[in-house]
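S.K.: Provide a 3D model corresponding to the input given below.
(chains A and B)
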2 protein chains.
Amino acid sequence: MAEWIARIGDEAVIDDPTELQRRSRATFGTYSRLLGIIRPAGVEQVRACLDIARRYSVPVYPCSTGKNWGYGSMALPGDGVALLLDRMNRIRAYDDELGTVTVEPGVTQRQLHDYLAQQGGRYWQDVTGSSADCSVLGNTVERGFGHTPYADHFANVCGLEVITATGRVVRTGFQRFHNAQAAHAYKWGVGPYLDGLFSQSGLGVVTAITLWLMPRPEAFQYFQVSVRDDADLEPLIDTLRELRMEGSVQSAVHIANRFKVFSAMEPYPWEALNGETPLPETYVEQRLRQLRLGAWSFSGALYGTRQGVALARKRIRRQLRGRVHIQQMRFMNPSRLALLDRFKTPLSRLTGLPLERMLGFMQVLFGIKQGVPTNRMLASVYWRKRTPPPADPDPDRDGCGLFWCAPVAPLKGADARAMVTIANTVFARHGFEPMLSMTVISERALDNVIALHYDRDIPGEDERAFACYEELLNRMMDAGYYPYRLGIQSMEALRERSSSEWNHTLADIRQALDPDGILAPGRYPA
Amino acid sequence: MAEWIARIGDEAVIDDPTELQRRSRATFGTYSRLLGIIRPAGVEQVRACLDIARRYSVPVYPCSTGKNWGYGSMALPGDGVALLLDRMNRIRAYDDELGTVTVEPGVTQRQLHDYLAQQGGRYWQDVTGSSADCSVLGNTVERGFGHTPYADHFANVCGLEVITATGRVVRTGFQRFHNAQAAHAYKWGVGPYLDGLFSQSGLGVVTAITLWLMPRPEAFQYFQVSVRDDADLEPLIDTLRELRMEGSVQSAVHIANRFKVFSAMEPYPWEALNGETPLPETYVEQRLRQLRLGAWSFSGALYGTRQGVALARKRIRRQLRGRVHIQQMRFMNPSRLALLDRFKTPLSRLTGLPLERMLGFMQVLFGIKQGVPTNRMLASVYWRKRTPPPADPDPDRDGCGLFWCAPVAPLKGADARAMVTIANTVFARHGFEPMLSMTVISERALDNVIALHYDRDIPGEDERAFACYEELLNRMMDAGYYPYRLGIQSMEALRERSSSEWNHTLADIRQALDPDGILAPGRYPA
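M.R.: Numbering: from 1, shown residues only, chains lettered A, B, ... in the order given. Next up, the predicted model:
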């Protein structure tokens, strides 16, 4: 600690035990020790910090901003020191013609959004539904995803700056060459493509990424659709695959089950249920019927020329109508949304629907699909809390329990059904509500992001929730649905299911790049 | 050799000096020694071959089918044995719902095309303009590209089977897990993404890849456009960028200069020029004026629903008309092409144009853009030969001289111009025709594939052509335009221009995966 303080300054090193305890709280029980937090301010300080870690054989774990909620927040998968990169928050480069931007780990979704707006708003970032204060780089190297045609974040990376455990500063792709004109335009470079090594790994400290941005389209249209019956799921998934394959839908589509929709719209009905948990399916069903919502609801958006968007809308309507029971289908452009907003009060009275709340939620989703980050989605993390979310939500501080489990399936109706059945069965056995958000992330894959919400302040809940989560993950993997991403609590879960050849290969690479084993041991290990 | 023969059979090992000499001929002068060719028939035989190579410290170089024309054919970048994988030619898996296929190295473009047709033709592969007998896998791991929305071949890989130098069989992505349902649907898997390591590298023997295929669209439309003036290049490139960015064009667009168009349409006019070389610009200009073609010609295609394609066509027409001087613009669907074919003879007479030849070439491009492989494009490799291409073209055998040089630029008019100026200057100095094919390979990158054609049977031409090629590559790199891919003659060219940190990192990884240094030393080295 003294050496780190000497090198990067007193204010950049946190070793106060109370503060460390506070900072290592996650949204579930964690068991490793956070020995310190060091916050280097640039590449040279990162190298110096690593050099000290190497000399003392202290494990260091790179974190961008530490908001990896539901996957471990800033808690570590093993005892060690957090290398917190939030002070490296420069936007290093921006190309207005090509729509590219280079960001450091501390750059947040909000910061990038504001920056792009200042540049004239010609490009949109693809945001996640997590906090506006999350790191763009952190989510990207964890291979997170969002909503627009640029939803697959890692696919839109064009070169990294990485510092290896031994202090080498490696720039990938064409960035390894002096004056390479296409450094931000062409991601493969020449020779082996190394970028993938530094995603979901502890093989290096990523200190900058170049991202491709989505050009703001001439026309934009949000849509949300609800289908009537649970049995509509299979044809819905198959129809969405066909719509993506033919190009009518070019962005991600997010499909929510009843519990997920309910928790996004309303708080837990503690009073109506006299404190009973879990939320009965019948209650949700009845309430959603009042809101005229069916068994599955999904949202997405269309991006393109005015005529292209109009055409796609017509096509989507027609294809869906022939295949599923539509309960509700709304397409919404900015002017229509503004109109609705203007007349929401009389319309609420007329229809008897809680239009203000429904509209408020729609406005948030509408924004997300245009790359506008929000903190609004964090409200659902307070689902099982007795008090409403505060103005400055902080799930770690407020004892919000949350596990994410995110298995991936082929984009086929039968696979979606198999995952839903497993989730429903496991959650029912453990007394939690299965909140499913299935994302069509490409022409071929469906990512089922399952949230397990609970209240950490209830004694024993951490253990009960973990048991549920663990059974869920294992049963998904037993059925062949492996997760796209892992929380710190599950880093070991894959090792024995993985081929030993792959494990040995990764272990050899790790040994070559980090011979002292100081960088993020236990993070996506082999 | 004896051990290899004992292990994989006499007929699978080539050590006859004459045969080896024949097989190591490329389309330019090569200087390394091909010591033998071993042709293992499957994964276990590959492992056994590597084991023997390790014991005797013999370098082995994996080749798929050895048709890497213009980049070295089957010649090696160093003395060693070719590990020729053409006998591994199974199509291992196909998914008709997701459009995925798993192929071994020996599977050719023709074989995959015929296979997909037999399955009902629901999906198209993306082909290159090289021979129908080229390896699909070989081109893909070299990160080649084609024509359709799936033009970026490596971007559409979903998992590899790789054998390391030490004999480990590594399956990447979700394929490392037992029974992973999304193994062919989601490419990143979980944990570090390793696929990139095995593209353009000697880090492993790739024995299978899973590819995503393009769904056959409801509607298809080919287009070819010619713009009048050389100065139209800059606005053309910028307009194409805008069209791709907004999604009106979703596939690759190939832009040819006059020499490139001419060589595709007609043989070298030996008689008219009394044997003079290089082809005078004035000659080409005059001839192309007769064909009503301008300074730059490009082709592409539209894929989608009937209405979507009609809309995109209108948009492209309008945007181009306002920005460049259109000499000729044709959109062509299958029925219109058939009609034209029917009336080509009377039309030729009426117009005085060599319509049969022009139509023949259009039919080839039309097919390529639908994933139909062809040998027709090989004709241009015989450009400087005195005799027309034979029925069974083989550039290596026939002494066709060819170097490819393929620098990448940002997709901006000014960068395209800078590359063109360099190419024209260098070729003029050396007395060859600059044949440029610039491909819009994405929303942001332009790949300038420059062909240098010559006749290897003329004494001294190998050296003259190499001098031209080398100056071209160096001047492109001096200006910041680095190649997307390398021939065996240039593998060392990048080392000193690359950052030493990157070089050291790759060297460490190579050492970890191939401690004996037997696998493809000198291929994309660090």
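S.K.: show me what counts as buried in the helix or strand of chain A with the lowest mean pLDDT.
M.R.: Least confident helix or strand, chain A: helix A:344-351 with a mean of 86, by mean pLDDT, DSSP states H and E. Buried residues in helix A:344-351, counted by 16 or more other C-beta atoms under 10 Å in any protein chain shown: A:344, A:348. All C-beta spots, glycine's among them, are computed from the backbone N, C-alpha and C.
S.K.: swap in stretch A:30-48?
M.R.: For stretch A:30-48, a neighbour-count test (16+ other C-beta under 10 Å) marks A:30, A:32, A:34-40, A:43, A:45-48 as buried.
S.K.: let me know the closest of those to A:Leu160.
M.R.: A:Val43 (12.7 Å; C-beta to C-beta).
S.K.: surely that closest one and A:Arg168 touch.
M.R.: No - the pair A:Val43 / A:Arg168 is not scored as a contact, 11.1 Å apart, by C-beta atoms under 8 Å.
S.K.: where in the stretch 301-450 of chain A is pLDDT low?
M.R.: Within the stretch 301-450 of chain A, no stretch has pLDDT under 70.
S.K.: which stretches of it form strands?
M.R.: Secondary structure of the stretch 301-450 of chain A (DSSP state E, counting those that start in this stretch): strands at A:326-332, A:400-405, A:408-410, A:435-440, A:445-455.
S.K.: could I get the CA-only coordinates of the least confident helix or strand of chain A as PDB?
M.R.: Provided in PDB are the C-alpha atoms of helix A:344-351 (Å, rounded to 0.1, in the frame of the first residue of the first chain):
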ATOM      1  CA  LYS A 344     -52.500  11.200 -21.200                       C
ATOM      2  CA  THR A 345     -54.700  12.600 -18.400                       C
ATOM      3  CA  PRO A 346     -58.000  12.700 -20.300                       C
ATOM      4  CA  LEU A 347     -57.200   9.400 -22.000                       C
ATOM      5  CA  SER A 348     -56.500   7.800 -18.700                       C
ATOM      6  CA  ARG A 349     -60.000   8.900 -17.500                       C
ATOM      7  CA  LEU A 350     -61.600   7.700 -20.700                       C
ATOM      8  CA  THR A 351     -60.000   4.300 -20.800                       C
END
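S.K.: give me the residues contacting that helix.
M.R.: Helix A:344-351 is contacted from outside by A:340, A:353-356, A:359, using C-beta atoms under 8 Å, 6 or more residues apart in numbering or on different chains.
S.K.: out of those residues, list just those in helices.
M.R.: The members of the contacts of helix A:344-351 that map onto helices under DSSP state H are A:340, A:355-356, A:359.
S.K.: how about the residues of the stretch 201-350 of chain A near chain B?
M.R.: A:201, A:203, A:212, A:215, A:217-218, A:241, A:245-248, A:250, A:303-305, A:307-308, A:311-312, A:315 (C-beta under 8 Å from any C-beta of the partner chain).
S.K.: select only the buried ones of those in ChimeraX?
M.R.: In ChimeraX, a selection of the buried entries from these looks like this (16+ other C-beta under 10 Å):
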select /A:201,203,212,215,217,241,245,246,247,248,250,303,304,305,307,308,311,312,315
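S.K.: related to what we said a few turns ago, let's see which of the buried residues of stretch A:30-48 end up in strands.
M.R.: Taking DSSP state E as the definition of strands, those contribute A:34-38.
S.K.: any idea which of the contacts of helix A:344-351 is closest to chain B?
M.R.: Comparing the contacts of helix A:344-351 against chain B with C-beta to the nearest C-beta places A:Leu340 closest, at 27.6 Å.
S.K.: now A:Arg241: phi and psi?
M.R.: phi -60, psi -50 (degrees, to the nearest 10).
S.K.: correct me if wrong: it contacts A:Lys412.
M.R.: Yes - with contact defined as C-beta under 8 Å, A:Arg241 counts as touching A:Lys412 (7.1 Å).
S.K.: so what sits against both of these two?
M.R.: By C-beta under 8 Å, 6+ apart, the residues touching both A:Arg241 and A:Lys412 are B:Glu97.
S.K.: strands paired with the helix or strand harbouring A:Ile255, and their directions?
M.R.: Element membership of A:Ile255 [criterion: DSSP states H and E] is strand A:253-257. Using DSSP bridges, strand A:253-257 pairs in its sheet with strand A:296-304 (antiparallel), strand A:435-440 (antiparallel).
S.K.: what's next to the helix or strand following it, contact-wise?
M.R.: Per DSSP H and E, the first helix or strand lying C-terminal to strand A:253-257 is helix A:258-265. In this structure, residues lying in contact with helix A:258-265 by C-beta under 8 Å, 6+ apart are A:256, A:279, A:281, A:284-285, A:287-288, A:291, A:293, A:295-297, A:354, A:357-358, A:361, A:377, A:379-380, A:383, A:433-437, A:451, A:453.
S.K.: filter those to the buried ones?
M.R.: A:256, A:279, A:284, A:287-288, A:291, A:293, A:295-297, A:358, A:361, A:377, A:379-380, A:383, A:433-437, A:451, A:453.
S.K.: low-confidence ranges in the stretch 151-300 of chain A?
M.R.: In the stretch 151-300 of chain A (pLDDT under 70), no residue qualifies.
S.K.: what ranges does it have for its strands?
M.R.: Assigned by DSSP E, counting those that start in this stretch, the stretch 151-300 of chain A shows strands spanning A:157-163, A:169-171, A:205-212, A:214-215, A:219-227, A:253-257, A:296-304.
S.K.: closest to B:Glu496 out of the strands paired with strand A:253-257?
M.R.: Across these, B:Glu496 has its closest neighbour in strand A:296-304 (44.2 Å, C-beta to C-beta).
S.K.: show me the contacts for the spatially most central residue of chain A.
M.R.: For chain A, A:Gly144 is the residue whose C-alpha lies nearest the centre (C-alpha atoms, centre = their mean; 4.8 Å). When contacts are counted by C-beta under 8 Å, 6+ apart, A:Gly144 touches A:128, A:153, A:485.
S.K.: quick one, what contacts the second one?
M.R.: Residues near A:His153 by C-beta under 8 Å, 6+ apart: A:126, A:139-140, A:143-146, A:211.
S.K.: follow-up on the earlier one: and the residue nearest to the centre of chain A, how far is that from chain B?
M.R.: Per C-beta to the nearest C-beta, to the nearest Å, A:Gly144 is found 11 Å from chain B.
S.K.: just A:Ala2 next, same as before
M.R.: In this view, A:Ala2 and chain B are 29 Å apart by C-beta to the nearest C-beta.
S.K.: quick one: neighbours of that residue, just the number.
M.R.: When neighbours are counted by other C-beta atoms under 10 Å in any protein chain shown, A:Ala2 registers 9.
S.K.: what about the closest residue to A:Lys344 other than its chain neighbours, neighbour count?
M.R.: Nearest non-adjacent residue to A:Lys344, counting by C-beta to C-beta, 6 or more residues apart in numbering or on different chains: A:Leu355, 4.9 Å away. Look at A:Leu355: counted by other C-beta under 10 Å, it has 20 neighbours.
S.K.: just A:Thr140 next, same as before
M.R.: Using other C-beta under 10 Å, A:Thr140 is surrounded by 25 other residues.
S.K.: what separates A:Leu160 from A:Val205, distance-wise?
M.R.: A:Leu160 is 10 Å from A:Val205, where distance means C-beta to C-beta, to the nearest Å.
S.K.: between the two, what contacts are shared?
M.R.: Counting by C-beta under 8 Å, 6+ apart, A:Leu160 and A:Val205 have no common neighbour.
S.K.: re the thing from before, within reach of chain B, which of the ones in strands among the buried residues of stretch A:30-48 are there?
M.R.: Among those, no residue sits close to chain B (C-beta under 8 Å from any C-beta).
S.K.: for these, could you give me JSON lines that also reports pLDDT and distance to A:Gln224?
M.R.: Output for those, formatted as JSON lines (pLDDT from 0 to 100; distance: C-beta to C-beta, whole Å):
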{"residue": "A:Leu34", "pLDDT": "97", "distance to A:Gln224": "41"}
{"residue": "A:Leu35", "pLDDT": "97", "distance to A:Gln224": "47"}
{"residue": "A:Gly36", "pLDDT": "98", "distance to A:Gln224": "46"}
{"residue": "A:Ile37", "pLDDT": "98", "distance to A:Gln224": "41"}
{"residue": "A:Ile38", "pLDDT": "98", "distance to A:Gln224": "45"}
